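Engineer: Below are the sequence and a predicted model; questions follow.
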Protein chains: 2
Amino acid sequence: MNKVFVDVGISLDGFLGGPNRGPHNPIGDGGLEIHKWMFAQKAFLQHLHLDASHGESNNKDNDIIEEIFQRIGANIMGRRMFDEGEANWPEDAPFGTPVFVLTHHLREPWERKGGTTFYFVNEDIHGVLEKAKQAAGNKDVRISGGASTIQQYVNAGLVDELQIHFAPILLGNGIRLFDNFEKGRFYIEPERVINSSRVTHIQYRVVKP
Amino acid sequence: MNKVFVDVGISLDGFLGGPNRGPHNPIGDGGLEIHKWMFAQKAFLQHLHLDASHGESNNKDNDIIEEIFQRIGANIMGRRMFDEGEANWPEDAPFGTPVFVLTHHLREPWERKGGTTFYFVNEDIHGVLEKAKQAAGNKDVRISGGASTIQQYVNAGLVDELQIHFAPILLGNGIRLFDNFEKGRFYIEPERVINSSRVTHIQYRVVKP
């Protein structure tokens, strides 16, 4: 059965993006720092079809990136994350799977090079998840973001796992990942922790009472 | 040379205490959950002179508690943390070292059973640190808290290490550890990560540019 998981990088002080976000500043001021560890890794550069010749491999950060890309059969994202991404993704969008966009603004599926097709779905989060599961086959469904989409899926008890990459930086301001998580609706257990000098990856299992 | 370190437990969403804190509710609503992992460990119960017969040992959480208690030669705390603690600590206060309290309200040193003596110091944070270092001998100085005292010492570039215990809980509200950290004044590097099913311990080295 497909697992549903969140996979997100945050600053040590809990922000997944900096302030002043928008299509011209997709991760907000300072937000790119959260993902700096990825840009050093061969697996990530290859996935983005960037020059990977100086990328590092044979390390734990690279292994995690490969592991995560391989398990994703479909992505789900909110409308705002899509709008910010649309203005910035290369023609060869960095997903390589079907991507289901939660939106009231319907449009035709948008097929990109490299296996990414965006589907625009005006249904509740359960309906969108069903579509994503079907598309994922025997792979997993990643709730990509942004914060509000992640919060909705977690609070509805639909997420099995949180994979959080803690960057050792402080943003001080921006959008907090955990702000609207409803405590008491579920609990979490750290299941696996992997560390490098660049980032700490903690995988939590979400347990529903 | 003495290291100066912070050693603090926080919730996954970044709170070191819950809301409604005060002498009758020292860690705030729900805040005790942050430290639940400690209460299961023999080293902690023994240190508090509580019944340790059911305490766990031979595990990584217990080892970390022992390691930390052994390295502390003196503690520094803010006035508010002292006031909250004074109303709640047993006669045999749980420090076993000199404790320097930052305060404008001078009083005589307050000696407790078991090696804890509180000294009330009306000096700036540098002056208090010098006193604590002298008292610590060749051991380390722990900045105990609360949030504002930790923030002052970190922002002044006086802290070498942050030892953070991430509890897998969400508080949703309360006092945030990182709120007034001044980013750009220092950077941090994860140095050691130890994990159990109860808590994730991340030790950061603080690097001053």
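Structural biologist: Here it is on my side, so go on.

Engineer: So is stretch A:154-172 next to chain B?
Structural biologist: Yes. Residues of stretch A:154-172 are located near chain B by C-beta under 8 Å from any C-beta of the partner chain, namely A:166, A:168-172. Any C-beta I mention is one placed from the backbone N, CA and C, and that applies to glycine too.

Engineer: Closest to the centroid, which residue in chain A?
Structural biologist: A:Ser144 (3.2 Å; C-alpha atoms, centre = their mean).

Engineer: what's the average pLDDT for the helix or strand hosting that one?
Structural biologist: Secondary structure assignment for A:Ser144, by DSSP states H and E: strand A:140-145. Here strand A:140-145 scores 97 as its mean pLDDT.

Engineer: Please apply the same query to stretch A:167-174.
Structural biologist: In this model, stretch A:167-174 carries a mean pLDDT of 94.

Engineer: from the middle of its chain, how far away would that stretch be?
Structural biologist: Computed by C-alpha atoms, centre = their mean, to the nearest Å, the chain-centroid distance of stretch A:167-174 equals 18 Å.

Engineer: what does stretch A:164-184 give?
Structural biologist: Distance, stretch centre to chain centre, for stretch A:164-184: 14 Å (C-alpha atoms, centre = their mean).

Engineer: how about that stretch as CSV, C-alpha atoms only?
Structural biologist: Taking C-alpha atoms only, stretch A:164-184 is exported to CSV below (Å, rounded to 0.1, in the frame of the first residue of the first chain):
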residue,chain,number,x,y,z
ILE,A,164,12.2,16.6,8.0
HIS,A,165,15.6,18.0,7.0
PHE,A,166,16.8,20.4,9.7
ALA,A,167,19.2,22.9,8.2
PRO,A,168,21.6,24.4,10.8
ILE,A,169,20.5,27.9,10.1
LEU,A,170,18.1,30.5,11.7
LEU,A,171,15.7,32.4,9.5
GLY,A,172,14.0,34.4,12.2
ASN,A,173,11.0,35.1,10.1
GLY,A,174,8.9,33.5,7.4
ILE,A,175,6.4,30.6,7.2
ARG,A,176,6.4,28.1,10.0
LEU,A,177,5.9,24.4,9.2
PHE,A,178,4.2,23.5,12.5
ASP,A,179,2.1,26.6,13.2
ASN,A,180,-1.3,25.0,12.5
PHE,A,181,-0.6,21.4,13.3
GLU,A,182,-3.4,20.3,15.7
LYS,A,183,-1.7,18.7,18.6
GLY,A,184,-3.5,15.8,20.2
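
Engineer: in it, what's buried?
Structural biologist: Residues A:164-172, A:174-178, A:181, A:183 are the ones in stretch A:164-184 that count as buried (16 or more other C-beta atoms under 10 Å in any protein chain shown).

Engineer: where's A:Tyr153 relative to chain B, distance?
Structural biologist: Between A:Tyr153 and chain B the distance is 15 Å, computed by C-beta to the nearest C-beta, to the nearest Å.

Engineer: Same question for A:Asp179.
Structural biologist: A:Asp179 is 8 Å from chain B, where distance means C-beta to the nearest C-beta.

Engineer: ok, that residue touching A:Ala147?
Structural biologist: Yes. The criterion here is C-beta atoms under 8 Å, and A:Asp179 meets it with A:Ala147 at 7.2 Å.

Engineer: and for those two, which residues touch both?
Structural biologist: Contact criterion C-beta atoms under 8 Å, 6 or more residues apart in numbering or on different chains; residues shared by A:Asp179 and A:Ala147: none found.

Engineer: hey, where'd the helices end up in chain A?
Structural biologist: Secondary structure of chain A (DSSP state H): helices at A:36-39, A:42-47, A:60-71, A:79-86, A:125-136, A:147-155.

Engineer: What parts of chain A come near chain B?
Structural biologist: Checking chain A against chain B by C-beta under 8 Å from any C-beta, the hits are A:12-14, A:166, A:168-172, A:176, A:178-179, A:181, A:183, A:187-190, A:192-193, A:195-197, A:199-200, A:202, A:204.

Engineer: mind redoing it with 6 Å?
Structural biologist: A:13-14, A:168, A:170, A:172, A:178, A:181, A:183, A:188-190, A:193, A:195, A:197, A:200, A:202 (C-beta under 6 Å from any C-beta of the partner chain).

Engineer: That's all I had, so thanks and see you.
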